[in-house]
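Undergrad: pasting the sequence and the predicted coordinates here, then a few questions.
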Protein chains: 2
Amino acid sequence: MQGDPTPRYALHYWPVMFRGQFVRATLAHAGAAWDEADIDAVAQAMSEDPQDQPVPFMGPPVLTDRQAGVMLAQMPAILDYLAHVHGLMPGDPARDALTRKVVADANDVLMEMTRHNGAQMWTTEAWADYVPRLSRWMGIFDETGRRHGLTEGGGTLLGTEAHGLADLVTHVLWGTMTDTLPALRPLFERTAPALAALSDRVGALPEQAALHARSVEAWGEAWCGGQIEASLRAAIAAQATG
Amino acid sequence: MQGDPTPRYALHYWPVMFRGQFVRATLAHAGAAWDEADIDAVAQAMSEDPQDQPVPFMGPPVLTDRQAGVMLAQMPAILDYLAHVHGLMPGDPARDALTRKVVADANDVLMEMTRHNGAQMWTTEAWADYVPRLSRWMGIFDETGRRHGLTEGGGTLLGTEAHGLADLVTHVLWGTMTDTLPALRPLFERTAPALAALSDRVGALPEQAALHARSVEAWGEAWCGGQIEASLRAAIAAQATG
């Protein structure tokens, strides 16, 4: 990648981890080079009429594959494309489909944890009501891993020897969330121990550790950012001390 | 399919069109036979612990492929799987990825139109604020079709000669919405004329027309159902007369 003035990929996303981190982690794992548009360019692309956008889209992330001439929006579609190009799908219809289910589940958790991208702010009461459902999501991911051999050391969907898209998504969802919101880590370890261990192993891979360090340096310990994160942190803190 | 006592597929979904209709339309288009679990069985499956569920999941739709021994949740993952099995994907990485983007966009529209699965009810004011964004979504779909030849009669992503997953999803999203909520049809025709014409063409296919007739007979003209649909209808009516 060094010496190549124009990387293969370009990413349009906000300067925060959240949905963009799934794309970044996949690119990093694939050893692919990418550059990122600055915040003004992201806002500009998003505000254009669909007729004037390079790919008609509502919100970032947007990925450009300069080599293939492909532009895509929607995190699940982008991950699927990168997994195809870089060989990160299991490679049979049933497990490919389950990988896509894991991605869709992750997308739903992001939506719920931000109360639909900030449509409502968290309150102490709403958060307390939500925690059992968050715990159920953790259990769903954990059981998905167990069902496919994760705890017997021969994971065929999660925890595969060559880490695939489902592993990356699992780590970016739960690892990034509980790193940036450490008050959630005990719930994670208690509810989904196999998952927590897997997330730690993926996070310790050199590319992922380097990405995380760069991200924290650039954007701090923010997860989704904005007022919704402030309300989430306040609600978590209130519950912890309440 | 006649004479086969056990159909290949089973669908767990509520007795309403909404997300389930995407799966049904794809099965119908593929000429695949399926049966549907009753509402008690859906509620029962959803309430079990993840450890006891046949596939760990949060909410329906859930599809079982009895022939392949596959069980899946998440509408986008189910559609992708069916498209793979029944040859409804374009078949090259770029257009497959754009098909997945269309599916993810449709899923986002469903989420927005129900204010995150009914997390908030519609008010006249919230609906009036939302209409420009709904119109933008229609424009995004319309432009996606145009960008790939839809209006020149040689659609390569939408409006392909052999209708594919992107066509089915486009029809089920916009056609079902504007059939059951006819007050939205003028906006649809004005904002996205190429899309409206495509949706009508797909809806006129014998399998889709038959599915629609059966669905209306079984569940009435409900779209997403419940209190959220009541609030949506009230807000649309208030705007039309306001």
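TA: Cool, the structure landed.
Undergrad: in chain A, where is pLDDT below threshold?
TA: Chain A contains residues with pLDDT under 70 at A:1-4, A:242.
Undergrad: where along chain A do the helices fall?
TA: Using DSSP state H, the helices of chain A run over A:18-30, A:39-47, A:75-85, A:93-113, A:115-118, A:124-147, A:165-170, A:176-180, A:185-191, A:193-203, A:206-219, A:226-241.
Undergrad: now do the contacts for residue A:155.
TA: Residue A:155 is in contact with A:145, A:148-149, A:198, counting by C-beta atoms under 8 Å, 6 or more residues apart in numbering or on different chains. Where you see a C-beta, it was placed from the backbone N, CA and C, and this is true even at glycine.
Undergrad: which of the residues you listed are buried?
TA: Buried by 16 or more other C-beta atoms under 10 Å in any protein chain shown: A:145, A:148, A:198, out of the contacts of residue A:155.
Undergrad: report how many residues lie close to the nearest residue to the second one once chain neighbours are set aside.
TA: Across the structure, with C-beta to C-beta, 6 or more residues apart in numbering or on different chains as the measure, the residue nearest residue A:148 apart from its sequence neighbours is residue A:157 (3.7 Å). The burial count assigned to residue A:157 is 22, neighbours taken as other C-beta atoms under 10 Å in any protein chain shown.
Undergrad: which ones are touching residue A:157?
TA: Taking C-beta under 8 Å, 6+ apart, we find residue A:157 in contact with A:90, A:95, A:98-99, A:102, A:144-145, A:147-150, A:166.
Undergrad: which of the buried ones among the contacts of residue A:155 sits closest to chain B?
TA: residue A:145 (9.6 Å; C-beta to the nearest C-beta).
Undergrad: wait, doesn't that closest one sit right on residue A:195?
TA: Yes. Look at residue A:145 against residue A:195 with C-beta atoms under 8 Å: they come within range, at 5.9 Å.
Undergrad: between these two, which contacts overlap?
TA: With C-beta under 8 Å, 6+ apart, residue A:145 and residue A:195 have common neighbours A:158, A:170.
Undergrad: for residue A:49, see how far away the closest residue to residue A:73 other than its chain neighbours is.
TA: With sequence-adjacent residues excluded and distances taken as C-beta to C-beta, 6+ apart, residue A:73 is closest to residue A:57, at 3.5 Å. Separation of residue A:57 from residue A:49 (C-beta to C-beta, to the nearest Å) stands at 12 Å.
Undergrad: and residue A:210, how many residues sit next to it?
TA: Residues lying near residue A:210 (other C-beta under 10 Å) number 11.
Undergrad: list the contacts for the closest residue to it other than its chain neighbours?
TA: Once flanking residues are discounted, residue A:210 sits nearest to residue A:28: 7.4 Å by C-beta to C-beta, 6+ apart. Contacts for residue A:28 (C-beta under 8 Å, 6+ apart) come out as A:207-208, A:210-211.
Undergrad: so what would you say the end-to-end distance of stretch A:33-48 is?
TA: Stretch A:33-48 has an end-to-end distance of 27 Å (C-alpha to C-alpha, to the nearest Å).
Undergrad: typo on my end, it should be stretch A:142-161
TA: Its start and end residues considered, stretch A:142-161 measures 18 Å (C-alpha to C-alpha).
Undergrad: leaving aside the residues adjacent along the chain, what's closest to residue A:49?
TA: Of all residues not flanking residue A:49 in the chain, residue B:139 sits nearest, at 7.4 Å (C-beta to C-beta, 6+ apart).
Undergrad: kindly apply the preceding question to residue A:133 instead.
TA: Going by C-beta to C-beta, 6+ apart, residue A:133 has residue A:112 as its nearest residue, at 7.2 Å.
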